[in-house]
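Asker: The following comprises the amino acid sequence and a computationally predicted model.
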Amino acid sequence: MFIHLEQISFGYDSPPGRGAFSLAGLSLAIRRGSLTGLLGPNGCGKTTLLKLLAGVLQPARGVITLDGAAIAAMSRRQLARRLALVPQETHPAFDYSALEMVLMGRHPHLGAFRLEGPDDYSIAYDALAATGTGHLAQRPYMTLSGGEKQRVVIASALAQQPDVLLLDEPTASLDLGYQLEVAGLLARLNRERGVTMVLATHDLNLAASLCDALVLMRDGRVLAQGATRDVLTGAHVRQLYNVDADVHFHEASGHLTVVPIRRVP
Amino acid sequence: MAESALLHAAPRPSQIRMRMAVTLVAYGAVAAAACLLAPLVGSTSISLSRVFDRSIPFADNVDAQIFFVARMPRVLAGAVVGAALASAGVVLQALLRNPLATPFTLGVSAGAALGAMLAISFGAAITLGPFSPVPLASLAGAIGASAIVYALATKPGRPMSTSVLLLAGVTLNSFFSALILFVQYTADFAETYRTVRWLMGDLDIGGFAPIAGVLPLILAAFAMFAVLPSSLNLLSVGADVAATRGVDVARTQRLAFVGAALATSAAVALAGPIGFIGIVVPHLVRLLTGVDHRVSLPASALFGAAFLVGCDLLARTVLAPVEVPVGIVTAMLGGPFFLWLLVRKA
């Protein structure tokens, strides 16, 4: 397995060994090159899990390995060269240009003092082109639309040249058109560049269309994990969200679709 | 004015190396010119060529004496204080992810003022090297206030809470202001006047010794700032983003806070709390050079030096022979300018 979590526990305000954990004894495995969706209700620990994977938070117990090596033993820069995070929304305090935002993705390869050379610029322009934002390079990031911003942030993560891309609800604040656009972009990057992706989402239909594997989480535990077609069932949706839903294969789109019907107590 | 033309030019997509070189040379030249030309102006006019005329011995060269002995300490103090406050402003704005932060947001100035006030009111007689009681007490007050805010906002092994930093700073500012008012209420008129005058800022420090006294602190702060710029870029985008790009967030925040607190405390101990430099200069420079801290941080330090030297030149000439306190000049120039920036942006 490419990414492996073994008996991970984590609590925000409790000292190790005491108090309530947000994640309790969670284990999961992610294949190389897969596009894995994290599903679960609000507060189930999706974002916490992504931050643990990204090395932003450290587990109180348990080990996370990437390609066989414990990420806790890697330096921040070593980890950042292999793994990039795309937050739900990115609000810089100052008005950087899109190109500057993307160039910041080169930081783990440059460190604090080396300046970007021609190679770094071409990697950045390549990332902009790959996300269809080449024409926005000189635009101030803050003047971009929601979909453009999210694509620039993805470009910035690509400029890190990571093996793994972690995405926290990448389409949450986007309208339908941009949702499809970003989803298409992720599928293409996964296919063409072989980037392993883990994305947290509330959008079951996005997960159904995009992800080849799913991890279902509730109350800091894994309810089920496996291939999307096996895991995404009406029974699981009911267990996750307390919602009765009709899950069936949709001929025209070629993937499972989930139609929520009613909330159950 | 050339400046207004630059103001509307979008940051060019030139390579970072070139941008840094051009900016440092240009802003360095402005700062050097300010420091060289400001001492020529005053009640006695002197000529630059005579000042640097090596054929006249220094003891007989009145121009050189006025230039180096009478006026240069004040100009250099302006340069050092301007550079320290402007760069501390840039660093704190990035640390707090808030473009409205100033070097005084975190309680430094109120702590310094309380120290100065106590030294004035109780006539403390402690001196240390080149420091007389008031600068010494204001330095202690500034560092003490910073230490309190730092301790409140830090938990071991965790990134700082920027909201706790801001709230603790603002609260400490009003708490110290209340203490200052209380001490003032009990003080006599002369002491109160001296305190109020100290609060207006004054660069007339009477010699090079006080500058030499605070220079180690400011150089230490600049050494910390020197390792920060690319980390500040990422930190101002977001702490999590910075962490996943290889930045040690907690270490960057510590360095930024300690550096900014040192620079600000030293500047305030030398010249009193001179306002507006720490917010106007960073904003103006970011408009001119773009945000990238590898360019805007050194440029702000250099421009801050030139700006305060210029303001002090106005302060001592505009109503000559009466002097306007330099803090009034910076606020009277800086306030409307800042409002104009705000309106222009909105």
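Answerer: All right, it came through fine. Numbering: from 1, shown residues only, chains lettered A, B, ... in the order given.
Asker: Residue A:260: which element?
Answerer: Secondary structure from DSSP states H and E places residue A:260 in strand A:255-263.
Asker: strand partners of that strand, parallel vs antiparallel please.
Answerer: strand A:243-250 (antiparallel) (DSSP bridges).
Asker: how about the strand it pairs with: buried residues?
Answerer: Buried residues in strand A:243-250, counted by 16 or more other C-beta atoms under 10 Å in any protein chain shown: A:243, A:245, A:247. Heads up, the C-betas are built off the backbone N, CA and C, glycines and all.
Asker: Just the C-alpha atoms of that strand, please, in PDB.
Answerer: Only the C-alpha atoms of strand A:243-250 are listed here, as PDB (Å, rounded to 0.1, in the frame of the first residue of the first chain):
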ATOM      1  CA  VAL A 243     -30.800   9.800   5.300                       C
ATOM      2  CA  ASP A 244     -32.800   7.400   3.200                       C
ATOM      3  CA  ALA A 245     -31.400   7.600  -0.400                       C
ATOM      4  CA  ASP A 246     -31.900   5.900  -3.700                       C
ATOM      5  CA  VAL A 247     -28.500   4.700  -5.000                       C
ATOM      6  CA  HIS A 248     -28.600   3.400  -8.600                       C
ATOM      7  CA  PHE A 249     -26.500   3.200 -11.700                       C
ATOM      8  CA  HIS A 250     -27.100   6.100 -14.000                       C
END
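Asker: gap between the strand holding residue A:260 and the chain center?
Answerer: On the basis of C-alpha atoms, centre = their mean, to the nearest Å, strand A:255-263 sits 23 Å off its chain's mean C-alpha point.
Asker: In CSV, list the C-alpha atoms belonging to the one helix or strand residue B:80 maps to.
Answerer: Under the criterion of DSSP H and E, residue B:80 resides in helix B:72-95. Once non-C-alpha atoms are left out, helix B:72-95 reads as follows in CSV (Å, rounded to 0.1, in the frame of the first residue of the first chain):
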residue,chain,number,x,y,z
MET,B,72,24.0,63.6,11.4
PRO,B,73,23.1,61.9,14.7
ARG,B,74,19.5,63.1,14.3
VAL,B,75,19.4,62.1,10.6
LEU,B,76,20.8,58.6,11.4
ALA,B,77,18.4,58.2,14.3
GLY,B,78,15.6,58.9,11.8
ALA,B,79,17.0,56.4,9.4
VAL,B,80,17.4,53.7,12.0
VAL,B,81,14.0,54.2,13.6
GLY,B,82,12.2,54.5,10.2
ALA,B,83,13.8,51.3,9.0
ALA,B,84,13.0,49.4,12.2
LEU,B,85,9.4,50.5,12.4
ALA,B,86,8.6,50.0,8.7
SER,B,87,10.1,46.5,8.6
ALA,B,88,8.5,45.6,11.8
GLY,B,89,5.2,46.7,10.3
VAL,B,90,5.7,44.5,7.2
VAL,B,91,6.6,41.5,9.4
LEU,B,92,3.7,41.9,11.8
GLN,B,93,1.2,42.4,9.0
ALA,B,94,2.3,39.1,7.4
LEU,B,95,2.4,37.3,10.8
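Asker: Using JSON lines, lay out the buried residues of strand A:243-250 together with distance to residue A:154 and pLDDT.
Answerer: Below are those laid out as JSON lines (distance: C-beta to C-beta, whole Å; pLDDT from 0 to 100):
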{"residue": "A:243", "distance to residue A:154": "30", "pLDDT": "92"}
{"residue": "A:245", "distance to residue A:154": "29", "pLDDT": "90"}
{"residue": "A:247", "distance to residue A:154": "29", "pLDDT": "90"}
